[in-house]
Each structure stands twice: as C-alpha cells, then as structure tokens.
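Peer 1: Following is a predicted model, sequence given first.
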Amino acid sequence: MAEKKQGGAGLRGQVAGKTALSTVGKSGSGLTYRGYDIKDLAKNCQFEEVAYLILKGELPKQSELESYKAKLKGMRGLPQALKEVLERIPANAHPMDVMRTGTSMLGNLETEESFSEQEDKADRLLASLPSIICYWYRFSHDGERIETETDDDSVGAHFLTMLRGEAPNALHEEVMNTSLILYAEHEFNASTFTARVCASTLSDLHSCVTGAIGSLRGPLHGGANEAAMDMIAQWSSADEAEKAIMGMLERKDKIMGFGHAVYTESDPRNEIIKEYAKKLSDDVGDDTLFPVSVRVDDVMKREKGLFPNADFYHASAYHFMGIPTKLFTPIFVMSRLTGWAAHVFEQRADNRIIRPSADYVGAEPRKVTPIEQR
Ligand SMILES: CC(=O)SCCNC(=O)CCNC(=O)[C@H](O)C(C)(C)COP(=O)(O)OP(=O)(O)OC[C@H]1O[C@@H](n2cnc3c(N)ncnc32)[C@H](O)[C@@H]1OP(=O)(O)O
Ligand SMILES: O=C([O-])CC(=O)C(=O)O
C-alpha cells in the first residue's frame, strides 16, 4: 500500500491525546494492549482476562479472574423496565439501535451518580450488553421472553446460549472468545474518540458508551463486518466475486472490510480471525463463502495493494457459526465496551475538555435583510 496521507481531513496521523491502553500499527502492523501483543493475548487468554487487563490495568491472577467472572455472571439480569422497553422495539429495528437504546435506558435506571462507581458501571455493561441484544432479538423474532441469567462460563458462551437456546460447542465458544479479544481495544478509533470527547465534558459513562455505539454503527467503522457479509453473500463462486470486485473498483466503490486508517501493511487481527474462518468453513463443509472471501482478498491485494482489516473474515466466521448478519456489529460492541470504558477512565483521570478549532470557509460578514425583502 502507498504511504498514507497524513493530516488534513479526518485528522489522520494527528496526535489528539495520550493513552496507556494500546498501540496500533507501531511497526506498520502491530497491536498491543497495555504492552501485550494481540497474538499473545489471543493465544493464551480468555476474553475476561483481557477485559480485566484493559479495565483494571493488569492481567488477573487465577483467584482474581474467578471472582471477576463470578461478578460478571451475577450482573447478567435485566431490570423489568428495560425489558419492557426492549419489547417495544420492532423486529425490523437495527440491532445497533437496540444496543444504543438499551445502554441509554440502563443509564436511566442505574445512573452513574459518581465517578467512584465507574468500574462497577463498566462491569455491569460488559455483563449485560449480550443480555440486552439477545432479549430483544429472541422476543422480537421468536416471541420468547428468554432468561438472561445463564450459567455460562464466558461472555461469548452467554451470548451464544441466549441466541440459540442451547450452549455452544467448544469451537464456537473458542471463536467467540478470540473474536472478543481481537475487538476489545484500538486506541483513538472513531467510536473511542467519541467516547472520550463525551467523557471530556465530565458526562456519565452510559452517555459516553451510547455515543460510541452510534459511531461504531457506521459501515466505515464497525458496521463493515455486516456490510462485508452482505457483499460476499451475493456471489456464488470465486470467479463471480472477482468479476464483481473489478467492476466495483472501476466505479471507485469502497470494498467493505478492506483498508485501514492507521495500519499500512496489514491488520494483525486479520490473520487470527482468518484462520478461524477457515476452520469454521471446514467445520460446516462450506465450498463457496470462504473461497469467495479469499479471492476478494487476493484481488484487493493485486489491484489496490489493500489488505483485509479485522472486519472482513469476521463476516464469514460469524456466518459459519449461524449468527444472523445484523448481530455482527453488536458483538463488536460487547467487546469494545472494555476499550471505551477504559478510555473514559483515562480521560477522566487527566481531563481537559476536548474542543478543537475549525478553519472557517463560510460567507464573509453580512447584514440580515428584512424577511419581506429576501
Ligand atoms: C474495525 C474497523 O473499524 S476497521 C475499518 C472498517 N471499515 C471498512 O472496512 C470500510 C472500508 N474501508 C474504508 O473505507 C477505509 O479504508 C477506511 C475508512 C478504513 C480508512 O480510510 P482512510 O484512512 O481515509 O483510507 P486511505 O487514506 O488509506 O485510502 C487510500 C486510498 O485507498 C482507497 N481505499 C481505502 N480503502 C478502500 C476500500 N476499502 N476499497 C476501495 N478503496 C479503498 C481510498 O479511496 C484512497 O484512494 P484515493 O487515494 O484514490 O482517494
Ligand atoms: O482503529 C480504527 O480506526 C478502526 C479499527 O480498526 C478499530 O476500531 O478496531
């Protein structure tokens, strides 16, 4: 890929603050959370350990992990008033809108009254966001009022059990665990920056997260996993995909799931999720979607020098697990909540209101013409 254009529109490459949470693209492609390489974390940790690392500063000891998981397990239930709100949201609503409304409603019912409550409020959201989306999904699609207080050991299994009405197999639980680790934190991306701007006004955590969900929803950010799925699902062979991609590039369309605002060589999360997408493809006996994805990947490399970002192979991986496409970006929310909340804590600990300036490009000073003379 060519050198990235820095500065100007989109503030590309501009330093907008400090963080101790992660590094992105430091050697062209690396990603670390609090000093740990993403590959090391994905291979050796449970998502809850990584959440603990991000939110509390260090990896937990065994006893700390056990009590953290027990705490999260105890926070999976939803207040009746929130269930009633979720029941009123139509089946054709976008699940990201449900996440946004659910978070906001929880902020009404369990308001963060003081910053001393911030860790408990973040843990509560981490435990209950899967409940919010699944309660709404199963009620609006199947007419069922599900029990959200399951006995699952992990956030990923909790989500899959509620979604399907039965506990997931080991491979699916492992993929969810890894996926949640990969999506957890990513420096000053658009949704996290949204959360930090909101935090800088000394607002509450639920407002910061609600705003961040709105930013993540767009297809240029988290919404790309859903958009990538819609794109690859159209093609029934790799050759058909190649022809279509060539046409899209000719028309200068954006290919969802490719490119990145910071990485210039590759997205380190991609190779990890790609391997799982392949494993799941073999598991379900797929002979179309994975070859289509690989061909799109090859053509993008050949034609544009662009690489898949974290979202591209997440699309097929989630699809092979039977997860409805519209629930892809909400899974990102369940994970990124950790990064957002930790950035809010960091902003609060050393705050100055974020308020940049703009270059004015509008009309010269002028006088109001009386309305009857305009
Ligand atoms: C988890 C995440 O949020 S990862 C990002 C998910 N988003 C997507 O996958 C959406 C598709 N990708 C994109 O829109 C972009 O690559 C972004 C938003 C991720 C990054 O945007 P930018 O930093 O502005 O892109 P960048 O400066 O690298 O673009 C360089 C050139 O490549 C082109 N390009 C970048 N990505 C793509 C793409 N996916 N498809 C086609 N062309 C692309 C740009 O149009 C630009 O071309 P130009 O020089 O002729 O104008
Ligand atoms: O960093 C970004 O701009 C987008 C991204 O990959 C993420 O938020 O995970």
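Peer 2: On my side now, so go ahead. Ligands and ions are numbered 1, 2, ... in the order given.
Peer 1: switch to C-alpha atoms for all contacts and neighbour counts from now on
Peer 2: Will do.
Peer 1: residues touching the closest residue to residue 196 other than its chain neighbours, list them.
Peer 2: The shortest distance from residue 196 to any non-neighbouring residue, by Cα to Cα, 6 or more residues apart in numbering, is to residue 344 (5.6 Å). Residues in contact with residue 344 (Cα atoms under 8 Å, 6 or more residues apart in numbering) are 195-196, 199, 205, 208.
Peer 1: again, 7 Å this time
Peer 2: Contacts for residue 344 (Cα atoms under 7 Å, 6 or more residues apart in numbering) come out as 195-196, 199.
Peer 1: give me the element the closest residue to residue 317 other than its chain neighbours is part of.
Peer 2: Nearest non-adjacent residue to residue 317, counting by Cα to Cα, 6+ apart: residue 277, 4.3 Å away. Secondary structure assignment for residue 277, by DSSP states H and E: helix 268-284.
Peer 1: circling back to that earlier point, from ligand 2, how far out is the residue nearest to residue 196?
Peer 2: To ligand 2, residue 344 is 15 Å away according to Cα to the nearest ligand atom, to the nearest Å.
Peer 1: quick one on the thing from earlier: tell me how far the helix holding residue 277 is from the chain's mean position?
Peer 2: Counting by Cα atoms, centre = their mean, to the nearest Å, helix 268-284 is centred 18 Å from the centre of its parent chain.
Peer 1: same check, this time on stretch 239-256
Peer 2: 26 Å.
Peer 1: same question, stretch 303-311
Peer 2: So, by Cα atoms, centre = their mean, the centroid of stretch 303-311 is 18 Å from its chain's centroid.
Peer 1: go on, stretch 151-158?
Peer 2: 18 Å.
Peer 1: if we look at it, which residues are touching it?
Peer 2: Contact with stretch 151-158 is made by 150, 167-168, 173, 176-177, as judged by Cα under 7 Å, 6+ apart.
Peer 1: that older thread, buried set for the helix holding residue 277?
Peer 2: Going by neighbour count (16 or more other Cα atoms under 10 Å), the buried part of helix 268-284 is 268-274, 276-281.
Peer 1: any idea of the mean pLDDT for it?
Peer 2: Averaging pLDDT along helix 268-284 yields 98.
Peer 1: among the contacts of residue 344, who's most crowded?
Peer 2: For those, the largest number of neighbours (other Cα atoms under 10 Å) sits with residue 196, at 31 neighbours.
Peer 1: hang on, the earlier thing: which one of the buried residues of helix 268-284 sits closest to residue 181?
Peer 2: residue 269 (9.6 Å; Cα to Cα).
Peer 1: May I have the beta-bridge partners of residue 24?
Peer 2: residue 31 (DSSP bridges).
Peer 1: Could you verify my assumption that it touches residue 31?
Peer 2: Yes: with contacts counted by Cα atoms under 7 Å, residue 24 reaches residue 31, the gap being 4.8 Å.
Peer 1: Those two: who's more crowded?
Peer 2: Just comparing residue 24 and residue 31: by other Cα under 10 Å the higher neighbour count belongs to residue 31, 25 against 20.
Peer 1: Isn't that one up against residue 41?
Peer 2: No: applying Cα under 7 Å, one finds residue 31 not in contact with residue 41, separated by 10.6 Å.
Peer 1: Identify the residue nearest residue 208 in space, chain neighbours excluded?
Peer 2: Using Cα to Cα, 6+ apart, the closest residue to residue 208 is residue 195 (4.5 Å).
Peer 1: list the contacts for that neighbour?
Peer 2: 208-209, 211-212, 340, 344 are the contacts of residue 195 under Cα under 7 Å, 6+ apart.
Peer 1: hang on, the earlier thing: could you export the buried residues of helix 268-284 to TSV, including columns for distance to residue 154?
Peer 2: Listed next are the buried residues of helix 268-284 as TSV, based on distance: Cα to Cα, whole Å:
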residue	distance to residue 154
268	24
269	21
270	23
271	24
272	20
273	19
274	22
276	19
277	21
278	23
279	21
280	20
281	24
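Peer 1: circling back to that earlier point, contacts for the helix holding residue 277?
Peer 2: Residues outside helix 268-284 that contact it (Cα under 7 Å, 6+ apart): 29-31, 175, 182, 290, 308-310, 313-314, 316-317, 320.
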